[in-house]
Structures are given as C-alpha cells and as structure tokens.
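S.K.: One predicted model, sequence on top.
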Amino acid sequence: MDQLSLHNPLFATYVIAATLMILKAVSMSWLTVLRMLQVKGGFRSPEDLKKTPLNPTPNPHQLEPSEPVDRIRRIQMNDLENLPFFLASGFLYVLTQPSLLLAQWLLYGYVVSRLLHFAAYYTGQIHEVRATFWSAGSVILIFMTVQTLLAAFG
Amino acid sequence: MDQLSLHNPLFATYVIAATLMILKAVSMSWLTVLRMLQVKGGFRSPEDLKKTPLNPTPNPHQLEPSEPVDRIRRIQMNDLENLPFFLASGFLYVLTQPSLLLAQWLLYGYVVSRLLHFAAYYTGQIHEVRATFWSAGSVILIFMTVQTLLAAFG
Amino acid sequence: MDQLSLHNPLFATYVIAATLMILKAVSMSWLTVLRMLQVKGGFRSPEDLKKTPLNPTPNPHQLEPSEPVDRIRRIQMNDLENLPFFLASGFLYVLTQPSLLLAQWLLYGYVVSRLLHFAAYYTGQIHEVRATFWSAGSVILIFMTVQTLLAAFG
C-alpha cells in the first residue's frame, strides 16, 4: 500500500495527529488577537498606537507588556519550540513502519500531552504540572526521533 | 503518477509555494543582520560588545533594543508562528488530491498574503492592514488543515 | 527504488541529518530546564513563584532575566529561525534527485555548521566566529531551496 495514502492507517494516524497539532498552533495566534482585543493592549509595534477603527482611543500604555496576552505568547512560544519538530519527526517515524498500535499510542499520546500542557499553562497551574505534560510529549518526540535515526542506520 | 514527483502539477505547486516561503523566512535572518550592521546595534549577547574587526568601537548602547532591528525580528517571529505550519499543512493537503486549480489558489494565495503582510509590516502600515493580510493567510492555512483532517477520517 | 525508503541512500542521508537536527533542537529545551534548575531562576510565569517541591524557597528575583538561561534561549531561538526550514528544504531537495555525494556534503555540512554554531554560541565566542558558522549553514539552506525551486519549474 502507498506509504503516503490516507488509506494506509499508519499514515492516516500521523495526518490526524499532525493536523490537530497544526490547528492547535494556529489557534494560539487567534487567541493572542482575542486577548489583545479584550485588554486593549499588549501591542508591540509603534504604529499600533495610531488611531484606527479598531483602536479609537490609543494610549502609550497599550505597548506595555500585558500578562493575559503574554501568557498566550509564552504558550505559543512553547509550541514553536516543539510542534515543528514533532511534525517532522512523526512523519519520518511512520515511514519506518512501526506497529500501528505503537504509532497510535505515541502520536495520539503526544497530542494529548500538548492539550494537557495547554490547559495547565492557560489556567496557571504550578510549574510541576505544566512540566510533567511537557516532558511526556518531549520524551515521545525524542523516542520517535531516535528510533528513526536508528532505522536509517539499520 | 508519483505523488511526490515534480512532474505532478499538484506537488510542483506545493514545492514552488514552499520554497518561496522558505526563502522568505531565511531572508528575514539576513535582513536582521543587515539592519544590525546599519544601526551598529540591536545586539543581544554580551560577547557582541568585544572589539572585533566588524565592531571596532563597541559601546554598551549596542545591546539596547533598536526599533529598526526589532521590526525585522517581529516580522520574523510572525513567520515562525506561521510558516512551519504552512509547510506541513500544504504538503499533507496536496496528498489529499484536491483539484489543481483550488490548490493553486490556496497555496499561491498564501504566498501572496505573506508577501503583502511583510510589505505592510516593513513599512509600518496601521495594524488593520497588516492584520488583514495575516488573517487571509491564516484562514487559508486553517482551511487546508481542516480539509486534510476530514480526508483522513473519510 | 522508493523515494521515501530508508534503503534509498539519498533519503537515508536526509533522515540522518533531519533526526540529528531534531534531537539538537529538543536538547535546547532540556538544557534550558537544566540551567533554570542550576541558577534557580530565569523563570517567566508568575505561577513559577509558588512554593513547590522543586522550588521550596521562591523569591521575586527568580522572574528576572538570567544570562546563563537566556544564552540557551537565544541559541534555541536561532534554531527555531533555521531548523524547521532546513527540515522542509532538505526533504524537498532530496526529492529532486541530486547526486548522493552532493546531498551528503550539503546535508551533513549543515549539521556540522549548526553544531559548530552551538559550540561557538555556548562558549561565548566573538560574533564573527558564531556568524561564520551560521552563515555557512544558511548558505547551504538557500542553495538547496533555490535548486529545488528551479527543479520545480524545470
């Protein structure tokens, strides 16, 4: 069966995990926008202080850091540090033809770990909770990558 | 025809859009370097204040934020929040075998949206202009990703 | 031979380079964690000042910038500006069927350039050294991307 066919359950598993993670990442941008509209601040460019329909009464404080906005930006930064590498690693991993069950546990497990990481970060849980979910995802990512590297030498 | 052949017009469309976006992203790094040389500042590492051929008269102000440099860095940050996910999403999307015409509109439309976003950001247009171009690209990205996710379940 | 088979030496070369770069990128996250534990600071979220088993005696200075931690974060940021684009570009490049020898020089050369960049940045070498290694990698990335773009039009 074609490796990159959606009828190949291994590849379909990857596609589902990958697209969910892409949507998660893109959502952070929209959530940042939403938060900036809510607090009417957290902007970063000088031109954002110009009077416009969406910002009828600009003031310099709008360029100051805003914790509600910055929290989403930190979550997004964490995504950027992880998701692009998951997207590449997961793709190469399924090409090594692992067992479907293992691939499902790893790929869907990664998705779940990132959603839990988001929930913990968004609600301001203590670092230990956030770090646990992040670590679970990172270990999955490292495992898949090492397996793929070993397969390339095999 | 081979899905990943450059003779496959669908895949060739993706490759053209993807390589243009990669070159765009990499250009931001070089543009940051150019701006730092122009303003002789906007540096971020303590060791950048050492006297060297390229920095013959270092001074502590060189580590302060510099708006001309930071503008490029904000544009680049916006790229990092978007382009890696476009590269993955577009690739998976063309594997779902959409119509060539639709794929061309979406993939080239995305490229155009990002170039216009760059032009608006670089020249300091009001937020509404920049946001319009960003949103157009983000909606294309979300559309392709959701279509791919649905195809994986189909 | 299947383009995406690990028995295809061209693809295997890419997979080795890509997985090494993914592991390098992920290592930066763990190194950041290690540094934060060492200096007991460099945190960024208000909730990280709560008293927990890993942070038994929190104090407000822990949220201040910490150069040992920030150095790793700058290295990681540089990875984020480069590696996702290398992962995509290298993949598309090997699909254009370049000579194996050239692909090995470019892909492994990129890996070496990034490891040397890390070594130079980590040990605080002058900017010229760091920039030389970064530029070598960036030129390889641009070369592969332009070659791929031209092949898509060919």
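M.R.: Good, I have the coordinates. Since the structure is predicted, the reported quantities are computational estimates derived from the model, not experimental observations.

S.K.: Give me the next element, helix or strand, following the longest helix seen in chain A.
M.R.: The helix spanning the most residues in chain A, taking DSSP state H as the definition, is helix A:9-39. Of the helices and strands lying after helix A:9-39 in sequence (DSSP states H and E), the nearest is helix A:67-95.

S.K.: Now find how far off-centre that following helix is within its chain.
M.R.: 4 Å (C-alpha atoms, centre = their mean, to the nearest Å).

S.K.: Could you pull up the mean pLDDT of the next helix or strand after it?
M.R.: Remark: after helix A:67-95, the chain's next helix or strand is helix A:100-122, criterion DSSP H and E. Helix A:100-122 shows a mean pLDDT of 98.

S.K.: Specify the angle between helix A:100-122 and helix A:9-39 in degrees.
M.R.: 10 degrees (axes from the mean of the first three to the mean of the last three C-alpha atoms, to 10 degrees).

S.K.: can you dump the C-alpha coordinates of helix A:100-122 into PDB?
M.R.: What follows is helix A:100-122, C-alpha atoms only, in PDB (Å, rounded to 0.1, in the frame of the first residue of the first chain):
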ATOM      1  CA  LEU A 100       0.200   0.700  14.100                       C
ATOM      2  CA  LEU A 101      -0.700   0.300  17.800                       C
ATOM      3  CA  LEU A 102       2.600   1.800  19.000                       C
ATOM      4  CA  ALA A 103       2.400   4.600  16.500                       C
ATOM      5  CA  GLN A 104      -1.100   5.400  17.700                       C
ATOM      6  CA  TRP A 105       0.000   5.500  21.300                       C
ATOM      7  CA  LEU A 106       2.900   7.700  20.500                       C
ATOM      8  CA  LEU A 107       1.300  10.100  18.100                       C
ATOM      9  CA  TYR A 108      -2.100  10.500  19.900                       C
ATOM     10  CA  GLY A 109      -0.300  10.500  23.200                       C
ATOM     11  CA  TYR A 110       1.700  13.400  22.000                       C
ATOM     12  CA  VAL A 111      -1.400  15.300  21.000                       C
ATOM     13  CA  VAL A 112      -3.000  14.600  24.400                       C
ATOM     14  CA  SER A 113       0.200  15.700  26.200                       C
ATOM     15  CA  ARG A 114       0.200  19.100  24.400                       C
ATOM     16  CA  LEU A 115      -3.500  19.700  25.100                       C
ATOM     17  CA  LEU A 116      -3.000  19.000  28.800                       C
ATOM     18  CA  HIS A 117       0.100  21.200  28.700                       C
ATOM     19  CA  PHE A 118      -2.000  24.000  27.200                       C
ATOM     20  CA  ALA A 119      -4.800  23.500  29.900                       C
ATOM     21  CA  ALA A 120      -2.200  23.600  32.700                       C
ATOM     22  CA  TYR A 121      -0.400  26.700  31.300                       C
ATOM     23  CA  TYR A 122      -3.600  28.500  30.400                       C
END
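
S.K.: So what touches it?
M.R.: A:9-10, A:13-14, A:16-17, A:20-21, A:24, A:71, A:74-75, A:78-79, A:82-83, A:86, A:90, A:93-94, A:98, A:129-130, A:133-134, A:136-137, A:140-141, A:143-144, C:45 (C-beta atoms under 8 Å, 6 or more residues apart in numbering or on different chains). Backbone N, C-alpha and C define where each C-beta goes, glycine included.

S.K.: Only the buried residues of it, if you could.
M.R.: Buried residues in helix A:100-122, counted by 16 or more other C-beta atoms under 10 Å in any protein chain shown: A:103-104, A:106-107, A:110-111, A:113-114, A:116-118, A:120-121.

S.K.: Same question for stretch A:38-50.
M.R.: Buried residues in stretch A:38-50 (16+ other C-beta under 10 Å): A:40, A:41, A:42, A:43, A:45, A:47, A:48, A:49.

S.K.: same check, this time on stretch A:142-150
M.R.: A:142, A:144, A:145, A:147, A:148, A:149.

S.K.: Would you mind naming what in chain A lies close to chain B?
M.R.: For chain A, the contact set with chain B under C-beta under 8 Å from any C-beta of the partner chain comprises A:2, A:4, A:6, A:12, A:15-16, A:18-20, A:22-23, A:25-26, A:28-30, A:33, A:43-48, A:50, A:52-55, A:76, A:80, A:83-84, A:87-88.

S.K.: Of the residues you listed, grab the buried ones for PyMOL.
M.R.: Burial among those is assessed by 16+ other C-beta under 10 Å; the matching PyMOL selection reads:
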select buried, chain A and resi 4+6+12+15+16+18+19+20+22+23+25+26+28+29+33+43+45+47+48+55+76+80+83+84+87+88
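
S.K.: Which members of the residues of chain A next to chain B additionally contact chain C?
M.R.: Okay, of the residues of chain A next to chain B touching chain C (C-beta under 8 Å from any C-beta), that's A:4, A:80, A:84, A:88.

S.K.: model confidence over the longest helix of chain A, on average?
M.R.: Helix A:9-39 comes out at a mean pLDDT of 97.

S.K.: Thanks a lot, catch you later.
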